[in-house]
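In: got a structure for you, letters missing:
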């Protein structure tokens with residue numbers, strides 16, 4: 001793998017745009033007696049990672065209580081760096097998956113997303129995605145509402161969005177979803193990520209040299225790698241590397257991930273206009289998932305939460321493990 005081109009903005013937004021189209025299409029075909037939602041606004045920086053899922057779509061109040069740390073539990077005594085190092089220890093205990101370049105990384109996940117930026121209900125959708133292990137084909141995915149077990153949509157090919165025109169797709173293939181060649185030593189991983197930054201698709205006129213040469217860029221790239229499959233040794237090195245990033249803080253209170261599991265949230269630095277949190281199991285420190293909130297007029301509002309159900313290696317899109 002020569003470069004890591006899977007943007008933390010482009011790929012996830014393209015995936016969610018396709019998910020949005022699926023939800024809108026279903027809303028347009030439901031009987032008139034059923035409530036029809038508005039179009040969903042999808043946040044930047046969405047990450048497809050985490051663990052097990054919700055049974056029904058969440059209301060705004062429930063998502064606030066579950067994902068924004070509103071609870072009676074005292075704050076964790078460990079620091080963000082200590083929790084990330086414990087997460088590295090947990091990663092080393094995971095079984096390792098191997099994949100050929102012609103195979104696919106299968107991921108099943110849940111995405112709970114708010115329909116409108118500031119108000120309205122949330123929808124929880126189950127996602128099954130097949131990403132090319134070797135980066136030789138476009139990803140494919142299918143979706144269904146979590147409360148409709150037989151509501152699967154058709155398998156769809158996902159193409160990257162043209163950053164200059166979100167309505168257009170590109171033909172460029174993604175980077176490999178199987179990150180089997182990442183270094184397992186944090187210092188070597190830091191050098192590797194510095195030399196192979198994620199493509200941020202910066203707007204015209206941006207100071208690319210300053211952005212890509214910044215001290216925070218390797219950490220941004222590290223978090224983007226979580227979109228694919230990272231073997232246990234490299235995943236442990238990644239969490240150890242994130243433990244060095246200045247500015248990460250532990251969110252106080254009882255945090256519940258999108259799967260309903262109790263955890264601890266680490267708020268990562270460098271997000272403009274909102275917050276991105278990584279969630280770990282409170283006891284085992286296994287990585288559970290992510291959540292995002294936006295900040296407007298000084299008020300924080302939850303916007304999305306994502307949980308991974310399972311990961312496997314399969315031979316073709318549409319194949320289940």
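Out: Thanks, I have it. Just so it is clear, the model here is predicted, and its values are computed rather than measured.
In: and the nearest residue to residue 285 once chain neighbours are set aside, which of the three is it?
Out: Nearest residue to residue 285, sequence neighbours excluded (CB to CB, 6 or more residues apart in numbering): residue 86, at 4.1 Å. In short, each C-beta sits where N, CA and C put it, glycine included. Recorded secondary structure, residue 86: helix (DSSP: H, G, I helix; E, B strand; the rest coil).
In: gap between residue 86 and residue 266?
Out: Using CB to CB, to the nearest Å, residue 86 is found at 11 Å from residue 266.
In: and what of residue 134?
Out: To residue 266, residue 134 is 31 Å away according to CB to CB.
In: same deal with residue 260?
Out: Separation of residue 260 from residue 266 (CB to CB): 19 Å.
In: which one of the two has more residues nearby?
Out: Shown here are residue 260 and residue 266; by other CB atoms under 10 Å, residue 266 has more neighbours (26 against 14).
In: is it true that that one lies in a strand?
Out: Yes: secondary structure of residue 266 (three-state DSSP): part of a strand.
In: quick check: mean pLDDT across the strand or helix carrying residue 187?
Out: Secondary structure from DSSP states H and E places residue 187 in helix 186-195. For helix 186-195, the mean per-residue pLDDT is 94.
In: repeat for stretch 132-147
Out: 94.
In: circling back: check contacts around the residue nearest to residue 285.
Out: Applying CB atoms under 8 Å, 6 or more residues apart in numbering, we find residue 86 in contact with 78, 280, 285.
In: identify those among those that sit within strands.
Out: residue 280 (DSSP state E).
In: any of the contacts of residue 86 buried? List them.
Out: Using 16 or more other CB atoms under 10 Å as the burial test, these include 280, 285 as buried.
In: can I get the contacts of residue 86 in CSV with pLDDT and distance to residue 129?
Out: Converted to CSV, the contacts of residue 86 look like this (pLDDT from 0 to 100; distance: CB to CB, whole Å):
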residue, pLDDT, distance to residue 129
78, 83, 33
280, 92, 23
285, 95, 26
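In: now, which of the contacts of residue 86 sits nearest residue 309?
Out: Distance from residue 309 was checked for each of the contacts of residue 86 by CB to CB. The minimum falls on residue 280, at 17.0 Å.
In: check whether that closest one really touches residue 290, as I assumed.
Out: No: judged on CB atoms under 8 Å, residue 280 makes no contact with residue 290 at a distance of 10.8 Å.
In: give the buried residues for the helix holding residue 187.
Out: Under the neighbour-count criterion of 16+ other CB under 10 Å, helix 186-195 has 186, 189-190, 192-193 buried.
In: helices or strands up against that helix?
Out: For helix 186-195, the contact count by 3 or more CB pairs under 8 Å, 6 or more residues apart in numbering; DSSP states H and E identifies helix 217-225, helix 232-242 as packing neighbours.
In: of all those, which one is nearest residue 97?
Out: Nearest to residue 97 among these is helix 232-242; the distance by CB to CB comes to 9.3 Å.
In: which outside residues touch that closest one?
Out: The list of residues contacting helix 232-242 from outside it, by CB under 8 Å, 6+ apart, reads 84-85, 87-89, 91-96, 179-180, 182-186, 188-190, 193, 218-219, 222-223, 225-226, 230, 248, 268, 278, 287.
In: give me the buried subset of those.
Out: Listed as buried from those are 84-85, 87-88, 91, 94, 179-180, 182-184, 186, 189-190, 193, 218-219, 222-223, 225-226, 230, 248, 268, 278, 287; burial here means 16+ other CB under 10 Å.
In: who touches both of residue 86 and residue 266?
Out: Shared contacts of residue 86 and residue 266, defined by CB under 8 Å, 6+ apart, comprise residue 280.
In: ok, residue 188 - contacts?
Out: Going by CB under 8 Å, 6+ apart, residue 188 touches residue 237.
In: residue 262 now?
Out: By CB under 8 Å, 6+ apart, the residues touching residue 262 are 73, 254-256, 281-282.
In: what pLDDT does the model give it?
Out: pLDDT, residue 262: 89.
In: try the one 5 residues further on
Out: Looking at residue 267, its pLDDT is 92.
In: I'd say it and residue 255 touch.
Out: No: at 10.6 Å, residue 267 does not count as touching residue 255 under the criterion of CB under 8 Å.
In: of the two, which one has the most company?
Out: It is residue 255, of residue 267 and residue 255, that has more neighbours when counted by other CB under 10 Å, with 27 against 18.
In: pretty sure residue 180 contacts residue 231?
Out: Yes: Residue 180 is within contact range of residue 231, at 5.9 Å (criterion: CB under 8 Å).
In: point out where this structure drops to low pLDDT.
Out: 1-77, 117-118, 162-170 (pLDDT under 70).
In: same thing but at 80, please
Out: For the chain, the stretches with pLDDT under 80 are 1-77, 114-120, 160-172, 200-204, 227, 258-259, 270-273.
In: scan it for its longest strand.
Out: The chain, longest strand under DSSP E: strand 299-314.
In: in it, what's buried?
Out: Residues of strand 299-314 classed as buried by neighbour count (16+ other CB under 10 Å): 301-309, 311, 313-314.
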